[in-house]
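>>> Starting from these lines, generate the structure:
(one chain, ligands or ions: 4)
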Amino acid sequence: MVSHSGLLTVMDRAARKAAPRLRRDFNEVQHLQVSRKGPADFVSMADKRAEDTLVEELRKARPDWGFLLEEGGEIAGDPNKPRWIIDPLDGTSNFLHGIPHFAISIAVEEPMGAGGRTEITSGLVYQPLTDESFWAEKGRGAWLQDQRLRVSARRDLFESLIATGIPFMGHGDFVEWSRIFGAVAPEVAGIRRLGAAALDLAWVAAGRFDGYWESHLKPWDVAAGLLLVKEAGGYVTDFRGQDMARERNQFLAANDSIHSKLHKLVANALR
Ligand code: IPD
Ligand code: CA
Ligand code: CA
Ligand code: CA
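Ligands and ions are numbered 1, 2, ... in the order given. Coordinates of the predicted model:
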């Protein structure tokens, strides 16, 4: 059994502080005030309230750290200190439709020496309705509560369950996604689009999904989830199998065997 570092305890506490209100808002979703940031891009009072609670809690613990927030944008902090990358409610469309699949995602991004390089060193994805807290620290593994996570051990595509995110109105590349889907779907046991990227990645880390692909995501969708997959022994690359996922904004995540098979299919489909 392993316990959180002090920092992860701070993150876990903040998520659990925001969760009761999210659960209440979810149960009364028809009364929530909703606005639109762009085509099919919704934000509700629930997203904003959760974000406010997270910022307040995390700021109490680390007053000089900055933030990158989905709803509030950037808040500058001490540039030599880490900053928080937060998606207060990943899966807003699910939430607004009464579908119980959404999460809070919190990551810590640290400056790595000169040149503006940064690295994600801690991540937490918390699912308020199941009370599941997926967390990872660089070099310390990925965990669900106190249980060590490993990516799935399946080696063959025909028995693997693959998650994806489908482009929607005004977001993503339909042609690219359709080509990949056309190549992958006939080879695998199933494909799921559950609608919360942070959870898709956390579930790859937990071995629930055998693989995942999506593109055109935002830093707060993936920051915590990518660390979870890596610390659970998985691979994340761009669609051509290169170590450029964040740079290219293409994410192909899986265990080693499924990853090498998937990336060949995907690279072929995009040729
Ligand atoms: C969305 C979800 C979804 C993904 C979208 C994201 P949001 O995040 O992660 O799975 O396909 O691209 O925008 O807006 O619900 O936090
Ligand atoms: Ca959103
Ligand atoms: Ca999101
Ligand atoms: Ca969100």
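>>> so what's the residue nearest to Ser260 when sequence neighbours are not counted up against?
Leaving aside its chain neighbours, Ser260 sits nearest to Gly241 (7.7 Å; criterion: CB to CB, 6 or more residues apart in numbering). All C-beta spots, glycine's among them, are computed from the backbone N, C-alpha and C. By CB atoms under 8 Å, 6 or more residues apart in numbering, Gly241 lies in contact with Leu252, His259, Ser260, His263, Lys264, Ala267.
>>> Farthest-apart pair in those, please.
His259 and Ala267 (11.8 Å; CB to CB).
>>> which one of the contacts of Gly241 has the most neighbours?
Top of the contacts of Gly241 by neighbour number is Leu252, holding 25 neighbours under the definition other CB atoms under 10 Å.
>>> tell me the phi and psi of that residue?
As for Leu252, its main-chain torsions (degrees, to the nearest 10) stand at phi -120, psi 110.
>>> Next one: it from ligand 4, what distance?
Using CB to the ion, to the nearest Å, Leu252 is found at 22 Å from ligand 4.
>>> same check, this time on Thr237
From Thr237 to ligand 4 the distance is 25 Å (CB to the ion).
>>> Which residues of the stretch 51-200 of the chain lie near ligand 3?
Taking CB under 5 Å from the ion as the measure of proximity, the stretch 51-200 of the chain contacts ligand 3 at Asp87, Asp90.
>>> Quick check: residues of this protein near ligand 4?
So the chain meets ligand 4 at Glu70, Asp87, Leu89, Asp90 (CB under 5 Å from the ion).
>>> that older thread, next step: the contacts of Gly241 restricted to helices.
Using DSSP state H, His259, Ser260, His263, Lys264, Ala267 are the members of the contacts of Gly241 that sit in helices.
>>> For burial, what's the neighbour tally of the closest residue to the last one other than its chain neighbours?
The one in question is Ala267. For Ala267, ignoring the flanking residues on the chain, the nearest one in space by CB to CB, 6+ apart is Arg240 at 5.1 Å. Residues within reach of Arg240, counting by other CB under 10 Å, total 14.
>>> From what I see, Arg240 and Asn268 are in contact.
No - under the criterion of CB atoms under 8 Å, Arg240 makes no contact with Asn268, lying 10.4 Å away.
>>> and the residue nearest to Ser260, how far is that from Ile180?
13 Å (CB to CB, to the nearest Å).
>>> and the residue nearest to Leu252 when sequence neighbours are not counted, how many residues sit next to it?
Computed as CB to CB, 6+ apart, the closest residue to Leu252 that is not its neighbour in sequence is Trp213, at 4.9 Å. Trp213 is flanked by 23 other residues according to other CB under 10 Å.
>>> How about the secondary structure of Trp213?
Following DSSP: H, G, I helix; E, B strand; the rest coil, the label given to Trp213 is strand.
>>> Report the residue spans of the stretch 101-250 of the chain with pLDDT below the cut-off.
Per-residue confidence for the stretch 101-250 of the chain (pLDDT under 70) gives no ranges below the cut-off.
>>> What ranges does it have for its strands?
Secondary structure of the stretch 101-250 of the chain (DSSP state E, counting those that start in this stretch): strands located at 103-111, 118-127, 132-137, 141-144, 147-148, 161-164, 190-192, 211-215, 235-237, 250-254.
>>> Can you give me the domain assignment for the protein?
As assigned by automatic domain parsing, the chain contains the domains 6-148, 157-269.
>>> Most tightly packed of these?
Among the domains of the chain, the stretch with the highest mean neighbour count (mean count of other CB atoms under 10 Å) is domain 157-269, at a mean of 20.
>>> Please enumerate the helices of the stretch 51-200 of the chain.
Secondary structure of the stretch 51-200 of the chain (DSSP state H, counting those that start in this stretch): helices at 92-96, 174-184, 197-205.
>>> Format those helices as JSON lines; extra columns: distance to Ile106.
As requested, the helices of the stretch 51-200 of the chain are exported to JSON lines (distance: least, CB to CB, whole Å):
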{"stretch": "helix 92-96", "distance to Ile106": "16"}
{"stretch": "helix 174-184", "distance to Ile106": "28"}
{"stretch": "helix 197-205", "distance to Ile106": "10"}
